[in-house]
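whatever this is, show me its structure:
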Amino acid sequence: DNGGSWTDINKGQLDVTGLAISGSTIYVAGDVVAKSTDKGDHWTIDTTGLESQSPFLEYLVVSGNNIIGANSGWLFQTTNNQKGWNLVGEAPGGILCLTASGKMVFAGNYGIMQSTDNGNSWGDGGAMPFSEFRDINSLAAIGSNIVAGSYVSSVNGNKLFLSTNGGDTWTDTSLLYGPECLSVIGGNIIAGTDDGIAISTDSGITWTLSSSQCSRIPIYSIASDGPNVFAANHSNIIHSTDGGITWTSTDSVFTDMNSIAVKGNTVLAAEDDVNGAWAVRSADNGISWASDTIAPYVDQLFTCGAGFLAANGGQIFRSTDDGRTWFLTSNIGGAKCFAIYGRNVFAGMYNSNGILFSSDDGEDWSFTNASTGLPNVTIDALFIDVSYIYAGAALGTGVLNAGVWRRPLSDFGISSVTQTPVQIKPKLHIYPNPFSQSTQITFTLQAAGYEEVSIVNMLGVEVARLFSGELGAGEHSFLWGKPTGLPQL
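Numbering: from 1, shown residues only. Predicted structure coming up:
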């Protein structure tokens, strides 16, 4: 009855670590490998071909007519009509998880092994180099490109890896200091690193550090609403109004800040103090902060729909009045990250709790089906691409164990996501203004392209054209001298 009630069918006689059902046949793996064709009333042991294995098999998955089994170093295959198992693949690092979708079968070890023919043959499934594939702490996607921040070691720090084919293969990028956080803003990717804000204008292929001096601080959190962007470390917040190209300091000084979120002019910050971690609030773009905000103990903040979500180690809260009041929506476990599209919310959970899914802005949550295909992991990063939800995580405490997983959005009733880039108009600085003789016109472009710089009168008629042609990303200045005979402007 779909898990509503249960009956013991082996009376505790087997130590089962793997289960699979193919048609009317049930397979179990563990102390022995056995199958049943009468709903578990009787079992037939079948370890032919597995005699030298210890344990015989630990994990099972069904792909087409094949049943795939794995243990600490080998992959085997059988069918319902076959007696015994065939060796089909070797995994020196050990198999930690199995999953299948159609003819595709994936086995997780130091990276990913992949089969495209129901598990009959195996190859590299696009894993990052296993010697550099560690905890995935951040994910972002733009167009067909996906970038993943990965912890390498205490000596080499983080690295940023790039996939241009939906996660099938990965390459190292030019970013020397891998990101602690990532955000896609307009047509650019903004990365928070130990060296400050880094910007990529070519979908993650090349990177440059921001020229704003105040942005040359370690950045651990980025939040944006259109071109309005905030970035922070544990004690400082910086602000950008042009999509992350230029930055200014704010007067806010915190003692131990964990996370920020922004919606319009409202900015929330999760701040640690002697009483715990609390959400404090600014209603004026971070200029001033309310120290008496009534909020739950939280260490993660996110924008969702018409409000905000907040999470701690065991609960998720929701606010629909700009953070003034909060109510509990889940106590299944704490969320470390969120990915949001429309009213659909994915929450990546701590302590092997997988992923929660909500289709109503985080008011109600489902756990049962959302984590299908994931091993028992803490989810460190989530991102929604055109057709997939991507999850980045560490498989365990070993530094070699990490991975990126993906699942079709259609599994959650979501059609393909239409990505609409944020349109960011160049911000003009004119000085002096007003002027009698000449003035300097300065602006910053988010990306390279064809531009025209013109002076028009109140009727929109062009008075002078200062430039027309290609301009690179960054700051540009033009001097305009007022023609003789025009009044002071």
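
run through the stretch 1-150 of the chain and note the low-pLDDT ranges.
10-14, 55, 91-94, 96, 101, 108-112, 123-137, 143-144, 150 (pLDDT under 70).

now do the stretch 301-450 of the chain
Ranges of the stretch 301-450 of the chain meeting pLDDT under 70: 352, 367-368, 394-402, 416-427, 446-448.

so the residue nearest to the spatial centre of the chain: helix, strand or coil?
The residue lying closest to the centre of the chain (C-alpha atoms, centre = their mean) is residue 382, at 2.8 Å. Counting by DSSP: H, G, I helix; E, B strand; the rest coil, the backbone at residue 382 sits in strand.

how near is it to residue 262?
According to C-beta to C-beta, to the nearest Å, residue 382 stands 19 Å off from residue 262. (Glycine included, C-beta is placed from N, CA and C.)

picking up where we left off before, give me the beta-bridge partners of the nearest residue in space to the residue nearest to the centre of the chain that is not next to it in sequence?
Spatial nearest neighbour of residue 382, excluding adjacent residues (C-beta to C-beta, 6 or more residues apart in numbering): residue 339 at 3.8 Å. Taking DSSP bridges, one obtains residue 346 as the residues bridged to residue 339.

work out the gap between the helix or strand harbouring residue 391 and the centre of the chain.
Residue 391 is part of strand 388-394, with elements assigned from DSSP states H and E. Mean C-alpha position of strand 388-394 versus that of the full chain (C-alpha atoms, centre = their mean, to the nearest Å) differs by 6 Å.

report the strands that pair with that strand, each with its relative direction.
Sheet partners assigned to strand 388-394 using DSSP bridges are listed as strand 378-384 (antiparallel), strand 402-408 (antiparallel).

nearest to residue 17, out of these?
In terms of C-beta to C-beta, the element of the strands paired with strand 388-394 nearest to residue 17 is strand 402-408, at 20.0 Å.

which residues touch the helix or strand just after that closest one?
Per DSSP H and E, strand 402-408 leads on to strand 428-431 as the next helix or strand towards the C-terminus. Here strand 428-431 makes contact (C-beta atoms under 8 Å, 6 or more residues apart in numbering) with 439-443.

for the helix or strand following strand 428-431, which strands pair with it and how are they oriented?
Note on strand 428-431: by DSSP H and E, the next helix or strand toward the C-terminus is strand 438-445. Paired neighbours of strand 438-445 in the sheet (DSSP bridges): strand 428-431 (antiparallel), strand 474-481 (antiparallel).

average model confidence for the last one?
Which is strand 474-481. Here strand 474-481 scores 82 as its mean pLDDT.

pull out the buried positions in it.
Residues 474, 476, 480 are the ones in strand 474-481 that count as buried (16 or more other C-beta atoms under 10 Å).

quick one: contacts of it?
211, 245-246, 437-445, 453, 455, 464, 466-467.

PyMOL command for the buried members of these?
Here is the PyMOL command that selects the buried residues among the contacts of strand 474-481 (16+ other C-beta under 10 Å):
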select buried, resi 245+246+439+441+443+444+445+453+455
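
restrict stretch 320-333 to CA atoms and write it as PDB.
The C-alpha coordinates for stretch 320-333 follow below in PDB (Å, rounded to 0.1, in the frame of the first residue of the first chain):
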ATOM      1  CA  THR A 320       5.900  37.400   3.900                       C
ATOM      2  CA  ASP A 321       6.300  40.900   5.500                       C
ATOM      3  CA  ASP A 322       9.900  41.700   4.600                       C
ATOM      4  CA  GLY A 323      11.300  39.800   7.600                       C
ATOM      5  CA  ARG A 324       9.300  41.500  10.400                       C
ATOM      6  CA  THR A 325       7.600  38.300  11.500                       C
ATOM      7  CA  TRP A 326       8.300  34.600  10.800                       C
ATOM      8  CA  PHE A 327       6.500  31.300  11.000                       C
ATOM      9  CA  LEU A 328       7.700  27.700  11.000                       C
ATOM     10  CA  THR A 329       7.100  25.600   7.800                       C
ATOM     11  CA  SER A 330       9.400  22.600   8.300                       C
ATOM     12  CA  ASN A 331      11.200  20.900  11.200                       C
ATOM     13  CA  ILE A 332      12.500  17.900   9.200                       C
ATOM     14  CA  GLY A 333      16.000  19.300   9.300                       C
END
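
pull out the buried residues from that stretch.
Buried residues in stretch 320-333, defined by neighbour count with 16+ other C-beta under 10 Å: 320, 322-323, 326, 329-330, 333.

same check on stretch 361-380?
Using 16+ other C-beta under 10 Å as the test for burial, stretch 361-380 gives 361-363, 365, 367, 370-371, 373-375, 377-380.

measure stretch 97-105 end to end?
End-to-end distance for stretch 97-105, by C-alpha to C-alpha, to the nearest Å: 11 Å.

with stretch 349-356 instead?
Stretch 349-356 has an end-to-end distance of 7 Å (criterion: C-alpha to C-alpha).

got a list of contacts for it?
Residues contacting stretch 349-356 (C-beta under 8 Å, 6+ apart): 313, 316, 330, 332-336, 346-348, 365-367, 370-371, 374, 376-379, 382, 391.

ok, the helix or strand that contains residue 269: who's next to it in the sheet?
If you go by DSSP H and E, residue 269 is part of strand 266-273. In the sheet, strand 266-273 lines up against strand 257-263 (antiparallel), strand 276-282 (antiparallel) (DSSP bridges).

how many neighbouring residues does residue 214 have?
Counted with other C-beta atoms under 10 Å, the neighbours of residue 214 add up to 17.

thought it was touching residue 246?
No - using C-beta atoms under 8 Å, residue 214 makes no contact with residue 246, being 9.7 Å away.

quick one: contacts for the residue lying closest to residue 313 once chain neighbours are set aside?
Counting by C-beta to C-beta, 6+ apart, residue 334 is the residue found nearest to residue 313 once chain neighbours are left out, at 4.1 Å. By C-beta under 8 Å, 6+ apart, the contact set of residue 334 is 300, 311-316, 349-351.

repeat that with 7 Å
Listed by C-beta atoms under 7 Å, 6 or more residues apart in numbering, the contact set of residue 334 reads 311-315, 349-350.

before we move on, back to that, ok, so of the contacts of strand 428-431, who is nearest residue 185?
residue 443 (17.6 Å).

can you tell me how far the closest one is from residue 454?
Distance, residue 443 to residue 454, using C-beta to C-beta: 13 Å.

residue 86 now?
Taking C-beta to C-beta, one finds residue 86 at 73 Å from residue 454.

follow-up on the earlier one: same list, the contacts of residue 334, but as a markdown table with distance to residue 90 please.
Putting these into a markdown table (distance: C-beta to C-beta, whole Å) gives the following:
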| residue | distance to residue 90 |
| --- | --- |
| 311 | 41 |
| 312 | 43 |
| 313 | 40 |
| 314 | 41 |
| 315 | 44 |
| 349 | 33 |
| 350 | 34 |
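
what's the closest of these to residue 405?
residue 349 (13.9 Å).

and the gap between the closest one and residue 314?
10 Å.

joint contacts of these two?
In contact with both residue 349 and residue 314: 333-334, using C-beta under 7 Å, 6+ apart.

if you count what's nearby, which of those two comes out ahead?
Using other C-beta under 10 Å as the criterion, residue 349 and residue 314 rank with residue 349 on top: 25 against 16.

spatially nearest residue to the more buried one (excluding sequence neighbours)?
Nearest non-adjacent residue to residue 349, counting by C-beta to C-beta, 6+ apart: residue 333, 4.8 Å away.

the helix or strand where residue 140 lies vs strand 388-394, what angle?
According to DSSP H and E, residue 140 maps onto strand 136-142. Strand 136-142 runs at 160 degrees relative to strand 388-394, counting by axes from the mean of the first three to the mean of the last three C-alpha atoms, to 10 degrees.
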